[in-house]
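J.: Kindly generate the corresponding structure for this input.
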Amino acid sequence: MKPSKPPRTAAAPQEVRLIGGRWKRTPLPVLQRPDLRPTPARVRETLFNWLGQDLSGWRCVDAFAGTGALGLEAASRGAAEVVLVEQDSALLARLSQLKARLQDAQALRIERGDAVASLRQRAGQGLDLVFLDPPFAEGENEALFTAALLAARATLRPEGLVYLEAPHPWSAEALDPLGLEVHRQGKAGAVAFHLLRLLSAQ
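T.: Prediction:
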């Protein structure tokens, strides 16, 4: 009797693709992680319709980078500086490999670290855009969302924006104490996505 084969512990990496800019259609590997949810193409398309297709000169941080899809879309559209922050060593290695393959990727910087701590270190830098796609596979983790939003807010220039993905829409009542308000909002399946700005009165 032949010995049975050992069970496979991980499926082969899947891919998502960038949808716009000079790196359009570039494949991004998706490692098998329970809390890794690449932003779907249709959501990214909606987001960059909101933002505009030309981000020339923008300074951005993708704080929970994962596959890097959000930050790479910004860089692909001409952002002057995009920092991809990630803690997972395997994901970092993939991001570094991808950067090495891309042409004209000087605007990209890959940083290992905690997303909230990294944003807190950037307080007062006057960023144009912060991407927040925190893990919520095992629940919302309200404290993480609140800490990330507060830290992101402190990095923005007056007209700066925060992109947020969450398991439910964030209301004005929840955002007001954080000094933020909804500029645009949408929903795709179980994910709510928002473009936030500083409160008008501030």
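
J.: so where's the chain shaky on pLDDT?
T.: Scanning the chain for pLDDT under 70 picks out 1-13, 32-37, 137-140, 201-202.

J.: Please enumerate the strands of it.
T.: In the chain, the strands defined using DSSP state E lie at 14-17, 27-30, 59-62, 81-86, 108-112, 127-132, 156-166, 180-188, 191-198.

J.: relative to strand 156-166, how tilted is the last one?
T.: So that's strand 191-198. Inter-element angle recorded for strand 191-198 and strand 156-166: 170 degrees (by axes from the mean of the first three to the mean of the last three CA atoms, to 10 degrees).

J.: try the fifth one
T.: An angle of 70 degrees separates the directions of strand 108-112 and strand 156-166 when computed by the same axes, to 10 degrees.

J.: Can you give me the buried ones in stretch 38-51?
T.: Under the neighbour-count criterion of 16 or more other CB atoms under 10 Å, stretch 38-51 has Pro38, Thr39, Val43, Arg44, Thr46, Leu47, Phe48, Leu51 buried. No exception for glycine: its C-beta is placed from N, CA and C like everyone else's.

J.: can you redo those residues as JSON lines with distance to Gly160?
T.: Shown next, in JSON lines, are the buried residues of stretch 38-51 (distance: CB to CB, whole Å):
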{"residue": "Pro38", "distance to Gly160": "24"}
{"residue": "Thr39", "distance to Gly160": "20"}
{"residue": "Val43", "distance to Gly160": "20"}
{"residue": "Arg44", "distance to Gly160": "19"}
{"residue": "Thr46", "distance to Gly160": "20"}
{"residue": "Leu47", "distance to Gly160": "15"}
{"residue": "Phe48", "distance to Gly160": "16"}
{"residue": "Leu51", "distance to Gly160": "12"}
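
J.: now the closest residue to Asp176 other than its chain neighbours: how far from Ala172?
T.: Spatial nearest neighbour of Asp176, chain neighbours left out: Leu199 (7.0 Å); criterion: CB to CB, 6 or more residues apart in numbering. Relative to Ala172, Leu199 is positioned 10 Å away (CB to CB, to the nearest Å).

J.: okay, those two: which has more neighbours?
T.: Comparing Leu199 with Ala172 by other CB atoms under 10 Å, the one with more neighbours is Leu199, at 14 against 10.

J.: Enumerate every residue touching that one.
T.: Leu199 is in contact with Asp176, Gly179, Leu180, Glu181, counting by CB atoms under 8 Å, 6 or more residues apart in numbering.

J.: gap between the two ends of stretch 80-92?
T.: Length of stretch 80-92, first residue to last, CA to CA, to the nearest Å: 21 Å.

J.: Counting neighbours, which bits of that stretch end up buried?
T.: Within stretch 80-92, the residues that count as buried by 16+ other CB under 10 Å are Glu81, Val82, Val83, Leu84, Val85, Glu86, Asp88, Leu91, Leu92.

J.: what's the most distant pair in these?
T.: Glu81 and Asp88 (22.5 Å; CB to CB).

J.: And for Pro158, nearest residue in space, chain neighbours not counted?
T.: Leu198 (6.5 Å).
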